[in-house]
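Novice: Requesting a structural model of the entry that follows:
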Amino acid sequence: MHNKFVNVTKIFTFDSAHKLENYDGNCKYLHGHTYKLEITVRGKTDYRGMVIDFNELKKIVNEKIISKLDHKYLNDVFDFNTTCENMVVWIFNELNGVLNSKNYLLKKVRLWETPTSYAELEREDFYNEGQ
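Specialist: Numbers count the residues shown, from 1 in each chain. Reported below is the predicted structural model:
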């Protein structure tokens, strides 16, 4: 059963505050979100039938992303406008190097800002800029 390509996803949540710059609406004021972050890794299953151990994935994402964003004022963390779109690109970029091995690659990052709104970036789109 091993040696098949499989997508593996782990979901995280974090709470942060921010305000949008150059925006004419309520989000220009300080407000907060409980973000939901989905990280998808694609690879071949190994002799155990795993692409990546969920605990390993959790450790990496907590270290590289959650610890930097949870209970933070995002405008102090980033030097860009803290839109969901900008953040999903930053998250992909931060994880791309560490979730890139001979066995698996970072496939997709999806960041939910509200229960009905998210931005996502897939590997193909990350490398096909300008389209």
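Novice: Which helix runs longest in the protein?
Specialist: Criterion DSSP state H: the longest helix present in the chain is helix 84-96.
Novice: what's the following helix or strand after that one?
Specialist: strand 104-114 (DSSP states H and E).
Novice: Figure out how far that following strand is from the centre of its chain.
Specialist: With CA atoms, centre = their mean, to the nearest Å as the basis, strand 104-114 stands 4 Å off its chain's centre.
Novice: any idea of the angle it forms with helix 84-96?
Specialist: 150 degrees (axes from the mean of the first three to the mean of the last three CA atoms, to 10 degrees).
Novice: Could you check strand 104-114 and say which residues are buried?
Specialist: Neighbour counts over strand 104-114 (16 or more other CB atoms under 10 Å) mark 104, 106, 107, 108, 109, 110, 111, 112, 113 as buried. Where you see a C-beta, it was placed from the backbone N, CA and C, and this is true even at glycine.
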